[in-house]
Structures are given as structure tokens and as C-alpha cells.
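**Student:** return a 3D structure for these sequence lines:
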Amino acid sequence: MPDIIIPGTPQRYGLRLVVYSPNGPRLGVLPAHLGWEAGLPLSDVSSLRLAYSSAAPGADLLAQPCEIAMEYSVLGGAWIEPENGRFLRIKRSGDDADRTGACSYDMPGYAWMLRKVVLYPALGMVDGKRPFAAVKPGVILRALVDEGKGRGAVAGLTVNFTATHDSAGQPWAMTLSLGVEPGTDLLALLINLAEQGVIDWCMQGRELRVYNEGTALAADRASGPAPVELRLGRDIDSAPDDATLEDAASAILIMGEEGLRVEVTNHAATMPWGRWETHQSQGGVSDTGTAQLLGQHALERASGERVQLTRSITPYVARFLPLADYAPGDYIRAPGDQGVMTALRVRQITLTVDASGVIGGNLTLNDRFLERDIRLARQAAGILAGGVSSGGSGSDPTPEGSDRVPAAPTGLLISPAAYLDEEGYAHGQITVSWSPVTTDVNGTALDVDGYELIGISPPGTGATRVLATTQSTTVTYSPLEPKTRWQFGVLATNGGVRGAVTASTEIVIPDDETPPPEPSTPVVDSRLGVVRVAWDGFTSAGTGMPKDFARVLVMMRDPLDLDDEGAAVEWLDRPGTAVVPGLPYNTDREFWLVALDRSGNVSGESARVVTQTHPLVDTDMIGEVIDGAEHIISGSIPAEAKIVAGSITASLIQALAIQAGHIQANAITADKIVAGAIQAAHIAANAITADKIVAGAITAGKLDADAINGKTITGSIVRSAATGRRFILDSSTLDLRFYPGGSSTNYARLYAVDGLYAGETTTFITSGTNSGGTARAELQVAAGLIRLRIRDASGTGSYGGGLDIAQSYGQYGYTDGFASTETYIYTNGTGRFYLRGRVWDTATANPYDAVHAGSGTVPPDYGGVTINYGPSMASNMGPVAVIRDGATTANFYWCEDLSNQSSFSFAWSAGGGVWSGKGFYWWSHRH
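**Tutor:** Residues are numbered from 1 along each chain as shown. Okay, the predicted model is just below:
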């Protein structure tokens, strides 16, 4: 009897391979592979590597060219073929001396076949290239597909986009002017357009789908009420980071045409060893502003450490599953650099299945900085190439005179951009491209000798000037004033004769729209009755601010006022300290910083800090002692005691001479009044009301010992301290909060709720949030229920383990709001219990596991099966197993014939009749 290891197919997430005939129907499943790995990248060709024995069932399906589809299933549901999940069996290898007959298959995705349709020449060729002037991407792609299919190429390929709309039914967002060489294949064109940020694309089976870049294949699953969050230990089992400073630089020398040399610097770059330099040669660039823009982009990409993020995934305990919950191109939340949860883009999903059926894999992720780098590189490529072909005419000029008028250029495209000069001020730049002029106005072939770029500003004024001349079909120009309105035109010249003009629509020159980074956390303290807010001049990442930094605003709000969104109370344009006076004493104020650049862009917020001001003395007398006295000039009595203690007595003051208007607020304090001088008879009934008592005027020193004994203290809030480690009791909400030391606001809380259960008050204790800001613990105590659970950060949803001890029931387990992933045990007074969830379908047991369970199938010609636990179990096992015949009428016997701490087996006889194999199910408990 053969010894077969069948660990059982995981029920929660399954993967399989299905065979199709070329461009044809489904042939069957590959049931006995020796392991495979599939890589699914964004906007590129997927790949599959498969190992299979030529003696295994299904090997005959691989004996000739075919298509292999990867499929996934969740919770035993339907099998789904994901995008880019179709592969071509076109390459195989094996060793005839290998008695196992193992073969290896390297299969590219179906998109690989797109290289087999190429662009053919057509009428109107220019300089050996086929021009596409000012057209949408769909026009160019459909030309290759439709013409190729018309010749009989890629017969099985279908597309679902048009010349005017992408595969999501949205109008194409960009316009292109390209000169494409005959022989260019469809795959190369797709990859090129994707690299330039024009499109995203994928295959769904045999169907090509193309979208506007950053739309359908860039779903934001990192935000919203139910974000996809991959967490260490649950969805991710390893998270290696590869980081390097090798390409970092803080200065770059751009070397262009005609001796152009421009240095660009970035003082905000991370440079632990000081200034690092690099250079870049840019042929075709003779404009200083364009060189500044290219240098700026290059330095931003080299501003600091570059980190490559790879995250290994496991589907067996994961909450979120690859392909089912997220796909290549999506934005998700996952551990970024150094494990900090952040929004990352999935650039590739790699899935593996070993010979035992165990599924694993990894993700390649890009953070927001790397995604911005990609966009900057695309913009730089567009500036240099212009998106069009270059060169002169593809035909012979006629021998006519040089006074012929060139035709107007076609395919005019204008791309404006903003850049910063060395002082950090924004300017505008344009890149203009067009198709070459090859004829005169009468259609006769003509080789022109150059072009002129013309500008009109404002449009319609007739204020026309020549901005640049060139012999190319791409030109750049700067500087231009941001937010100004322009109209641009291009004409060709022939021996001094200027041709017809092609003019653009109105163009608004863009301003810099990149916000500065978040400032570092301010240092806030209270001195001399005012708040001092200090800033070190750095970003939250510890780097310097960019060169267009203008100032940081000091923001303040009352943290107890939910309607107070905060306002700017001071600002700093360099590292230093801002002073905020005039704040009420012993009252919390929350401070934070936001940065502004010279274009008015606003950064995100820094971390927030809470503090209070305290009086210098009980009275905190500030200003002139006698305000408005007739014979005392302001400032004429200095501090060195012109009026000594006791020199002005009551007998020297005329009756009614000092009225309320002459007494400065807080001027008369307790120490100015002789003991016993003010008696009850001197105070009119109700004369002292709450508005007559200055905040903070009655301090602990003003109250006699035991003065409040047996009394009721009313008021909303009682604090043990203003800042730092403290508690705050709010009687209006029955809420006691415990703050940790320092400036942290991540408090624990004890509070009570009326009305949750009829006639009683329910007590709650909640922790602060964890370091990732995703979860907090909560204990609820009511008369008939004690409930302990892990909540999400907002405290509204279950997010992990939980325990209910109730009068009528008890429940322990895991809840997260999803019925498909909840597991718990429930008991009550009936003497019975039930288990909710699923038994762990194990591939390899731990020696101390209580239960080892699974299921599987075998081909018809197998007479038995052995289940291996993996390790030797710690004590005796009690296996229970059943077998199900696939025949219509079962006719066989079976029995368990072996059981020890390492494995058990059972065997059967072959039954009669026509049948399709046997399925088996088993459970083995340790005792």
C-alpha cells in the first residue's frame, strides 16, 4: 500500500490550477503537482513556475501546449480566476535520467502573447515612423489590436476598451502624440505607456483591460470605515526591510546643451556625512528653468534612505486574503519601514503552494515616497522625450525655391509644470511637442529648417513674442509667472519664410502644489504666566524643511471644547520660541504646528501637546498700580520704592476718591486687607457673586483647614494637575481619566453609563490605544454581566479576544464583527455548550495539540492512505476516520490498520462498479 501524505485542503483559502486548451475550453484540474509559484505584478507580465511528475495524474494535460489558469476560493465558495491569472505552457524542462519523471514548467502570463502582434507600416510615414498626432491612448492601442486581428494574429485575444473610453467606461484622460516605429509590439507599447504614467493594464483570462492610470487598478483600501489592514502575526509572518543610502545626494550638477551648467541643492536631504554630490547629463536641455526642474526631481528621489518593503503572508490565520480582499495596484495598510502601520501600494503579489498543499507567499509594497518618486521620474521622462517622434521628413523635397510657406504643425501638446529656484520661489515651465512638418501649405513635400515657439499673454491681447527656436519637435521654456494665463503657438520656418501657426487653447501656468512635510513636535512649557512654544526647525522625520519653507503656524485650541477646531496664535520662520500670552490660568490648552511654504501650501499637523499657565503670585499684578491717578504720571514711580509699605493710609484717601473704575482688576488682594477690616456688615447682601471672583483668586491658602468638611463640591471638572501624569474627574459625564507622564494624551478611562440596562448604572474601564493606534481594551461591569473585550481604536467595534460572564450564559473566544472569522465557546444553564467557528484544518501538528483534523481525496486506484501528523505527538492519539466512496453504489470494506504517536492509516478493498475515487475525513485527539 503506498504511503501518501495528504494534509487536508485548507478550507479558508484554497488555490488550484486548471488546464485549458489553447484559445479553447476547460480540460481539467491538475491534482498532483510537486509545488508551484505565481507572480502577479501591476501592469506587467505575470509568471508561473510549476513542478509536475510525468507519472502523476493530469500529466497528460501538460504534454502539449495549453493554458493554465490559477484559481482561488474563500470559505469553500466559488473558484475565481484573478486578473493576470492565465498562463501559457510554452516552455518545459526535465531530466530523462530522473526516475521520478519530474518536469519543470516556466510559464509567462497570457499577456506575453501580446508581443506576437506588431505594428505594420501605413500611409503617411514620417522619418520611418508611423505618426499618431494628438490622440487618446485607446486610438493607438486599438490600431495595433484591430489591425493584428485583421491579419489573423492573437485570435483568442479580446479587449473591452475603445478609442474613446477605457475598460471602466471612463473617457481617456490623456492625449498623446507619438511616432511609433513599425515592428513595435503591443506588449512593449503597453509597458512603455504604463511606465510613463499614462495607463494601467491587466489581463482577465484572455481579455485585455486598459484603464486610466491611478483609477480602477489603484483602489484605496487603506482608508474608510473598513480598511484592509495587514498585521504582523496575523496576516504577515515576516517583514524584512532592505534600506540603503547609496544613491543619496544633496547637490546635483545638471549639464545641458550649449554649455548650460546648473547646480541644484536640497538642504532638507538626509546627509549624515555632509554634502554628497552627483551629476546628470541632459541632452536637448538648454533652458535653465527646465534644468532646475529636472534637478529638483532627481534630488527629491535621492533625498534620503531608500527602503524596499517585502512582506511574507500566510492565509491560514489572516483576516485579509490576497486576491480576494486586495489585488496588485490597491492601496492597503500594512507595516511599513520599521514596522510602522502606513498606507502602501501593492506592486506585486507572489503566491506559493508546496507539494503538501501548504500556501504561502509575499507582497512587494511601495510607500508614498516611492510612489511619488515614480511619478517624478515619469514627469522628467516626459519633459525630455515630449511623447513624440523627432526628425525631419520621410519624403524627398521638391526642387522648388526656398520661399514656400511651411504647413502648420499638427499634434500640438503642451505640458506645464512648476519648479523652485535656488531661493525656494516657485516659477512655471512648459514642455511643448508637436508632429514634424513635412509639407508646405499646398501639400508639397518640404524639409523645414526649424520651428519657433510663440507666446501670447494674456490671450487675446496680441502681445506676441517668440519664446524659443529649435530644430527639434520638442522644446522647453521658463521661467513663467505662476497662475498667469498664456496661449502658445508653434510655426515652422523655411529659409526665413515663417509658416502657418498652430495655436493652443488658454493655458494657466501652475503654481507649486506640493505641501511641506509635517513639522516636528513642539516643546511647550509655561513660564512667567505665559506659554512658550519652541520648535527645532526639523520635520517629523528629523530632516530639514525644504527650501520653499515659509513659516510654521503655532495652533491652539481648548481640548475640552469639541467645537473648537483651533486657530493660529503665533508663527515662526526659523527654529526658535514663540510666546503666547493672555491665557486663563490652570486651564488646558492644546498646541501643535503646521508648516506653510511660499506658495501657501499647508502641511499636515505635528503631534499635539497640552499645557497650562500658572499665576506668578496669587494676585499676578501686572501694569500700573494706580491706573488714572491725577498726580502720578505713568512710569514716574520706579520699582525702587517711591511708595513704601504703609505710606498711604486710609486717612490720606479722600472719601469716595477711589471708585471701582480706579481699581485695576486683581489690584486688591487678600494681603492688602487688614485682618478683620471687612466684616459681614460691610458687605451688602448678594454683593459677592460668582462673576466678582477672578478665576484662580481663591486658592488652597485662602481656605481654612476643615473648611469644606461635610460640604458638597459642585462643578464639572476636578484635576490633580494641569499637565503630565494626572487624573481628571468630570462629574457631568461620570468620567475619570488617567493621563500618562509627559505630553501624551493616550489616557485610560473609568466611567459610568446610565440607562444601558434598565434601572442600573453600568461601569466601564478602558485602556489607552496600543502603539499602532488600532486597538484598546475594555471591561464592562453590570449587575448581570461582566464583559472583557478588545475594541478597535474608536471603542465601537470588537477587534480580538473577548470574555462574557453573564447571569444566564458564559462565552469566550474571538470576535471581530465578521461572522466568517468569529470563533468562541458558548455555555448556559441547560448543561450544554456549543462551539462557533471551524476546527483548525492542520497541515502539520504541534506535539501538544489536542486535536489534529483534516480531509482529502485519493484517485480510484489507491487502496489506502496514511495520515502523518508531522512530529511525534506527546502522548497517545485516538484517531477517528471515515471514508466515502465516489461510486453511485458503494461496495467495499475498510478498516483502520495502524495507529501510533506519529501516524495512523486505514485501508480498503476496491469496490465494484464505475466510480471516481474516494474521499476521507478524520479527527484524531490526544489522550
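**Student:** what is the neighbour count of the residue lying closest to residue 726 once chain neighbours are set aside?
**Tutor:** Spatial nearest neighbour of residue 726, excluding adjacent residues (CB to CB, 6 or more residues apart in numbering): residue 720 at 4.8 Å. Using the backbone N, CA and C atoms, a C-beta is placed for each residue, glycine as well. The local packing of residue 720 (other CB atoms under 10 Å) involves 12 other residues.
**Student:** surely residue 720 is in contact with residue 727?
**Tutor:** Yes: using CB atoms under 8 Å, residue 720 is in contact with residue 727, at 4.9 Å.
**Student:** next, the contact list for residue 502, please.
**Tutor:** Under the criterion of CB atoms under 8 Å, 6 or more residues apart in numbering, the neighbours of residue 502 are 408, 409, 410, 412, 434, 489, 490, 491.
**Student:** hey, what's it bridged with?
**Tutor:** residue 490 (DSSP bridges).
**Student:** also residue 788?
**Tutor:** Residues in a beta bridge with residue 788, per DSSP bridges, are residue 779, residue 803.
**Student:** look up phi and psi at the residue nearest to residue 726.
**Tutor:** With angles defined as degrees, to the nearest 10, residue 720 sits at phi -90, psi -20.
**Student:** which among the contacts of residue 502 count as buried?
**Tutor:** Buried by 16 or more other CB atoms under 10 Å: 408, 409, 412, 434, 489, 490, 491, out of the contacts of residue 502.
**Student:** what pLDDT does the model give the last one?
**Tutor:** It stands for residue 491. With respect to pLDDT, residue 491 scores 93.
**Student:** hmm, it is touching residue 412, no?
**Tutor:** No: using CB under 8 Å as the test, residue 491 is too far from residue 412 to be in contact (10.8 Å).
**Student:** for residue 511, see how far away the closest residue to residue 821 other than its chain neighbours is.
**Tutor:** The shortest distance from residue 821 to any non-neighbouring residue, by CB to CB, 6+ apart, is to residue 319 (6.3 Å). From residue 319 across to residue 511, the span is 43 Å (CB to CB, to the nearest Å).
**Student:** same check on residue 836?
**Tutor:** The gap separating residue 836 from residue 511 is 58 Å, by CB to CB.
**Student:** now do the strands in the stretch 101-250 of the chain.
**Tutor:** Counting by DSSP state E, counting those that start in this stretch, the stretch 101-250 of the chain has these strands, from start to end: 102-108, 130-135, 158-159, 176-180, 199-204, 207-212, 236-238, 241-244.
**Student:** ok, the residue nearest to residue 726 - contacts?
**Tutor:** So residue 720 contacts 726, 727, 728 (CB under 8 Å, 6+ apart).
**Student:** and if we set it to 10 Å?
**Tutor:** 726, 727, 728, 729, 738, 739 (CB atoms under 10 Å, 6 or more residues apart in numbering).
**Student:** mind listing the shared neighbours of residue 720 and residue 727?
**Tutor:** Listed contacts common to residue 720 and residue 727 are 738, 739; contacts here mean CB under 10 Å, 6+ apart.
**Student:** ok so, going back, and the pLDDT for the residue nearest to residue 821?
**Tutor:** Value for residue 319, per-residue pLDDT: 90.
**Student:** what about it, which SS state?
**Tutor:** Recorded secondary structure, residue 319: coil (DSSP: H, G, I helix; E, B strand; the rest coil).
**Student:** need the helices for the stretch 201-350 of the chain, in chain order.
**Tutor:** Along the stretch 201-350 of the chain, the segments classed as helices by DSSP state H, counting those that start in this stretch run 288-301.
**Student:** I misspoke; the intended subject was the chain.
**Tutor:** 137-150, 186-195, 288-301, 368-385 (DSSP state H).
**Student:** can you tell me which of these has the worst average pLDDT?
**Tutor:** Among these, helix 368-385 carries the lowest mean pLDDT, at a mean of 53.
**Student:** what about residue 566, distance to residue 580?
**Tutor:** To residue 580, residue 566 is 13 Å away according to CB to CB.
**Student:** residue 125 too?
**Tutor:** Residue 125 is 71 Å from residue 580, where distance means CB to CB.
**Student:** neighbour count for those two, which is higher?
**Tutor:** Legend: neighbour count by other CB under 10 Å for residue 125 and residue 580, higher for residue 580 (19 against 16).
**Student:** ok, now how distant is that one from residue 563?
**Tutor:** Relative to residue 563, residue 580 is positioned 21 Å away (criterion: CB to CB).
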